[in-house]
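Participant: test case, fold it:
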Amino acid sequence: MVKVAKFGGSSVASPSQFEKVKQIIESDPARKIVVTSASGKESHEDHKITDLLYLCFEHKRYGMPVDPLFDMIKEKLLGIEKSLELSTNIKQEIDLLYTQIYDHIDCDYLVSRGEYLTAQLLADYLGYTFVDAKNLIFFSYDGSLDYSKMALAFSSIMEETSCIVVPGFYGAYPDGKIKTMSRGGSDITGSILANLSDATCYENWTDVSGILKADPSIVHQPHQIDLITYEELRELSYMGASVLHEEAIYPVKDKNIPIYILNTNEPTNPGTIILNKVTQERSQEITGIAGKNDFSIITVIKEHMSNEFGTIRKALEVLEENRIQIEHISTSIDTFSLVIDSSQLRPRYYDVIYQLKEKCGANEVTVANDISLIAVVSRFMKHKTGMSGRLFDALGEQQINISMISQTSNETTIILAVTNKDYERTIQAIYNEFE
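Facilitator: Numbers count the residues shown, from 1 in each chain. Purely as a prediction, here's the structure:
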């Protein structure tokens, strides 16, 4: 039995956090594969190693001093090494990295060194074998993952050792050049290794005890989600719930490897379990609520549109040509509405409105700004009658007007559009109704 344990930046932010990680690993011998992020913030005044490395790159790029930033990185990592009495001697690598900054260093290579150096420290502390991600996580030149090559490399590595620590967040192209993932990419690294090892589970250790049903800055002490499906998690992640990188779902989905969201600082808390398929569970009404602000709704009005072909296609082409992504579409007989991110529309506003009117032959094109989208997610919705009615009644009692409603046929998610000023009140009202 093999478990993959990934530790976020807060879990490796200080010597005391390293000690917690070691206790967790030693408490279960099945935790043979460990993935780590770069050392994170120990306090509000502290800085994430990755943030400092990005700043180093930008400072060098624009001719600004690098030394104060790099000294913070060096002090933090060497402080962990010294406090834990490790034998890694990473000072040589840190000094070499400093000289490379002034020698046309690649940005991906530079920022990946946070995970690289943190993983060396953690491997030494745990007594595990350090495996550089560039020798295990492989990308094709188009950016896709090369699973065949990774499977061969993984098999070869595990023939030589049984317990490994792998830095997250990066891998390598076929020519060996470092490629980083998007921020939070260490979650993906852990998921890939869970797939390659056919792990019994993938544990994602962070500084929160699972996923909450709503934003705690809006809802006071929201309940913890015990069990959530991959589909539900992706819906919540897309709408702003950011405990786990949304792309981390795919490597484990087909094998139905469960993901556990756990707290390094509270290891006995059961956290949240994420599964592709759920067979037995306790019934509940909603899984979670999430949302995002600052959208615009473009409404195209055209008489007799229902008798014509291609009007919506032309509108989509306009947005595609202007590199604007569409969040949602709603239609009626002679109108349709497109929900888009206001920040994407703002710099092209007049051009887009003109092009929509001309290409679609519209009678009128209107725009509503300051819109928030809120997702109510539940795999139980299709089996319970009256949930939509309760939802609308709850908002009606609070005199909250709904600008748009969207729900797909699988009935997992209801998307509501409200004004930005009603955003928090809407989430609170929905939570109060169903929890």
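Participant: which residues in the stretch 301-435 of the chain form helices?
Facilitator: 311-321, 342-345, 349-360, 387-397, 423-434 (DSSP state H, counting those that start in this stretch).
Participant: lowest-confidence stretch among these?
Facilitator: When the helices of the stretch 301-435 of the chain are ranked by mean pLDDT, helix 387-397 comes last with a mean of 89.
Participant: now that helix, how far from the centre of its chain.
Facilitator: On the basis of CA atoms, centre = their mean, to the nearest Å, helix 387-397 sits 30 Å off its chain's mean C-alpha point.
Participant: quick one: that helix to helix 423-434, angle?
Facilitator: Going by axes from the mean of the first three to the mean of the last three CA atoms, to 10 degrees, helix 387-397 is angled at 130 degrees with respect to helix 423-434.
Participant: okay, now the domains of this protein?
Facilitator: Domain assignment for the chain, taken from automatic domain parsing, gives 3-275, 288-434.
Participant: pick the most buried one from these.
Facilitator: Each of the domains of the chain was scored by mean neighbour count; the highest is domain 3-275, a mean of 19, by mean count of other CB atoms under 10 Å. In this view, the C-beta of every residue, glycine as well, is placed from N, C-alpha and C.
Participant: circling back to that earlier point, got a markdown table for the helices of the stretch 301-435 of the chain, with distance to Val376 too?
Facilitator: Below are those laid out as a markdown table (distance: least, CB to CB, whole Å):
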| stretch | distance to Val376 |
| --- | --- |
| helix 311-321 | 26 |
| helix 342-345 | 22 |
| helix 349-360 | 30 |
| helix 387-397 | 7 |
| helix 423-434 | 6 |
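Participant: excluding sequence neighbours, find me the nearest residue to Gln17.
Facilitator: Among residues not flanking Gln17 along the chain, Ser11 sits closest, at 5.6 Å (CB to CB, 6 or more residues apart in numbering).
Participant: which of the helices of the stretch 301-435 of the chain sits closest to Phe130?
Facilitator: Closest approach to Phe130 among the helices of the stretch 301-435 of the chain is made by helix 342-345 (41.1 Å; CB to CB).
Participant: for that closest one, packing partners?
Facilitator: Contacts defined by 3 or more CB pairs under 8 Å, 6 or more residues apart in numbering; DSSP states H and E place helix 342-345 against strand 288-301, strand 364-377.
Participant: thinking again about what came up before, these two touch, right, the residue nearest to Gln17 and Trp205?
Facilitator: Yes - the criterion here is CB atoms under 8 Å, and Ser11 meets it with Trp205 at 5.3 Å.
Participant: can you list residues touching both of these two?
Facilitator: Jointly contacting Ser11 and Trp205 under the rule CB atoms under 8 Å, 6 or more residues apart in numbering are 21, 264.
Participant: so Ile233: helix, strand or coil?
Facilitator: Small correction: residue 233 is Leu, not Ile. helix (DSSP: H, G, I helix; E, B strand; the rest coil).
Participant: model confidence at it, what's the number?
Facilitator: The pLDDT attached to Leu233 in the predicted structure is 84.
Participant: now do the closest residue to Tyr116 other than its chain neighbours against Leu136, distance only.
Facilitator: Spatial nearest neighbour of Tyr116, chain neighbours left out: Pro167 (4.9 Å); criterion: CB to CB, 6+ apart. To Leu136, Pro167 is 10 Å away according to CB to CB, to the nearest Å.
Participant: likewise for Tyr125?
Facilitator: Tyr125 sits 20 Å away from Leu136, going by CB to CB.
Participant: and if you look at Trp205?
Facilitator: Distance from Trp205 to Leu136, by CB to CB: 20 Å.
Participant: how about Ala151?
Facilitator: Counting by CB to CB, the gap from Ala151 to Leu136 is 10 Å.
Participant: again with Leu97
Facilitator: In terms of CB to CB, Leu97 sits 21 Å off from Leu136.
Participant: ok, Ile24 next?
Facilitator: For Ile24, the distance to Leu136 - CB to CB - is 22 Å.
Participant: just Ile333 next, same as before
Facilitator: Distance of Ile333 to Leu136, given as CB to CB: 56 Å.
Participant: any low-confidence regions in the stretch 151-300 of the chain?
Facilitator: 279-283 (pLDDT under 70).
Participant: an error on my part: the question was meant for the stretch 1-150 of the chain.
Facilitator: Using pLDDT under 70, nothing in the stretch 1-150 of the chain is flagged.
Participant: need the helices for it, in chain order.
Facilitator: Going by DSSP H, counting those that start in this stretch, the stretch 1-150 of the chain shows helices at 15-26, 49-61, 67-83, 91-101, 107-126, 147-160.
Participant: of all the ones you listed, which lies closest to Thr366?
Facilitator: Of the helices of the stretch 1-150 of the chain, nearest to Thr366 by CB to CB is helix 49-61, at 40.5 Å.
Participant: counting by contacts, list what the closest one packs against.
Facilitator: Identification of packing neighbours for helix 49-61 by 3+ CB pairs under 8 Å, 6+ apart yields helix 67-83, helix 91-101, helix 107-126.
Participant: ok, which of those comes nearest Asp46?
Facilitator: Nearest to Asp46 among the helices and strands packed on helix 49-61 is helix 67-83; the distance by CB to CB comes to 7.9 Å.
Participant: how about the strands of the stretch 101-250 of the chain, start to end?
Facilitator: Along the stretch 101-250 of the chain, counting by DSSP state E, counting those that start in this stretch, strands occupy 129-130, 164-167, 170-172, 178-180, 201-206, 211-212, 224-225, 227-229.
Participant: now those strands in JSON lines, with distance to Gln399?
Facilitator: JSON lines is the format used below for those (distance: least, CB to CB, whole Å):
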{"stretch": "strand 129-130", "distance to Gln399": "59"}
{"stretch": "strand 164-167", "distance to Gln399": "52"}
{"stretch": "strand 170-172", "distance to Gln399": "50"}
{"stretch": "strand 178-180", "distance to Gln399": "47"}
{"stretch": "strand 201-206", "distance to Gln399": "38"}
{"stretch": "strand 211-212", "distance to Gln399": "27"}
{"stretch": "strand 224-225", "distance to Gln399": "29"}
{"stretch": "strand 227-229", "distance to Gln399": "32"}
